[in-house]
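A.B. asks: Everything below, folded, please.
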Amino acid sequence: MDFSYSDEQQALLDLAAQILGDRATPERLKQLERSGAPRFDADLWGELARAGLLGIGIPEALGGSGFGFLEAAGVIEQIGRRTAPVPYLETVVMGALPLVAFGTEAQQRELLPRIAAGELVLTAALVEPEGDPLRPVARAEAAGAGWRLSGVKLAVPYAEVAQRVLVPAAAADGKVGLFFVDPTAAGVTLTPLQTTSGVPEAMMTLDGVAVGEGDRLGSPDEGAAVLAWILERVNAAQASLALGVCAEALHLTAEY
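C.D. replies: From the prediction side, this is the model:
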């Protein structure tokens, strides 16, 4: 079987490599790291949006380019090569792709065009205090027509710059729900963490945070399956990121 990229796919990845090579230079990375702000290059983010790379997995009717996870993973490999300070894996793999697969029409129309345009940063709170991401410790209690979320999430990447965080939580019946939470909402506390990678992460504490049923991703009966679907793709995307980092490290070592 031929596993090579098509001409269209290769052109897309070449475009990503060109933008990242031009913008995520060592000098630019040093400048961002010395600024003291979260490691996020808003200018590069905007350039990726204008090139159509943020909408890579979003249908064309909603402002995207209609590709999928394979192409997104290829872009993530290029991001790894440059250690580019952008929440691409988080926004595209943790946010946009699940919205395409499981979101309601209203959710997709509200959020996906903004993602493609670079106006909305998404992330997900997938690291659990007890270690098993498939068994969220946070609780979701029914409250009128919505829910109230309480609990702690560890190491949420780019929480400080995101406009929405996808939060898994367990209901009283044991079913898992996934909810889009505004990190500036009442009851949310973000505690920045220091990381060896430099990626901005935060501990997210939820204290009775109100969310509506329209903030829920997937039906009440498919939450666990949706969470497993996301985790599979996040793990594969992290492998693509590591591949890019290692490949470029080998290249630089050989060149030296």
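
A.B. asks: quick one, strands of the stretch 151-256 of the chain?
C.D. replies: Per DSSP state E, counting those that start in this stretch, the stretch 151-256 of the chain has strands spanning 164-171, 176-181, 188-193, 201-212, 216-217. These are given in chain order.

A.B. asks: closest one to Leu241 among those?
C.D. replies: Proximity to Leu241 (Cβ to Cβ) singles out strand 201-212 among the strands of the stretch 151-256 of the chain, at 14.9 Å. Backbone N, C-alpha and C define where each C-beta goes, glycine included.

A.B. asks: what's the lowest-mean-pLDDT helix or strand in the chain in contact with?
C.D. replies: The element with the least model confidence among the helices and strands of the chain, by mean pLDDT, DSSP states H and E, is helix 26-35, at a mean of 92. The set of residues external to helix 26-35 that reach it, using Cβ atoms under 8 Å, 6 or more residues apart in numbering, is 39-41, 83, 85, 198.

A.B. asks: about what we covered before: distance to Phe102 and mean pLDDT added to the strands of the stretch 151-256 of the chain, as a markdown table?
C.D. replies: Conversion of those to a markdown table gives the following (distance: least, Cβ to Cβ, whole Å; pLDDT from 0 to 100):
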| stretch | distance to Phe102 | mean pLDDT |
| --- | --- | --- |
| strand 164-171 | 11 | 97 |
| strand 176-181 | 8 | 98 |
| strand 188-193 | 23 | 97 |
| strand 201-212 | 16 | 97 |
| strand 216-217 | 6 | 98 |
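
A.B. asks: can I get these in CSV with mean neighbour count and distance to Ala51?
C.D. replies: Converted to CSV, these look like this (neighbours: other Cβ atoms under 10 Å; distance: least, Cβ to Cβ, whole Å):
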stretch, mean neighbour count, distance to Ala51
strand 164-171, 24, 23
strand 176-181, 24, 26
strand 188-193, 15, 30
strand 201-212, 19, 27
strand 216-217, 22, 27
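
A.B. asks: need these in JSON lines with distance to Glu105, can you?
C.D. replies: Putting these into JSON lines (distance: least, Cβ to Cβ, whole Å) gives the following:
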{"stretch": "strand 164-171", "distance to Glu105": "18"}
{"stretch": "strand 176-181", "distance to Glu105": "15"}
{"stretch": "strand 188-193", "distance to Glu105": "27"}
{"stretch": "strand 201-212", "distance to Glu105": "16"}
{"stretch": "strand 216-217", "distance to Glu105": "13"}
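
A.B. asks: can I assume Ala185 is in contact with Asp207?
C.D. replies: No: look at Ala185 against Asp207 with Cβ atoms under 8 Å: they stay out of range, at 10.5 Å.

A.B. asks: any idea how far the closest residue to Ala242 other than its chain neighbours is from Tyr88?
C.D. replies: Distances taken as Cβ to Cβ, 6 or more residues apart in numbering place Gly80 nearest to Ala242, at 6.6 Å, with adjacent residues excluded. Per Cβ to Cβ, to the nearest Å, Gly80 is found 10 Å from Tyr88.

A.B. asks: same question, Thr104
C.D. replies: With distances defined as Cβ to Cβ, the gap from Thr104 to Tyr88 amounts to 24 Å.

A.B. asks: ok, these two, which is more surrounded?
C.D. replies: For the pair Thr104 and Tyr88, the greater number of neighbours falls to Tyr88 (25 against 15), based on other Cβ atoms under 10 Å.

A.B. asks: Provide a list of residues in contact with that one.
C.D. replies: Applying Cβ under 8 Å, 6+ apart, one finds that Tyr88 lies in contact with 48, 53-54, 75-76, 79.

A.B. asks: Could you do Leu193 as well?
C.D. replies: When contacts are counted by Cβ under 8 Å, 6+ apart, Leu193 is found next to 155, 201-203.

A.B. asks: three-state assignment of Ala11?
C.D. replies: helix (DSSP: H, G, I helix; E, B strand; the rest coil).

A.B. asks: going forward, begin numbering at 79 instead of 1
C.D. replies: Will do, 79 is the new start, and the previous item becomes Ala89.
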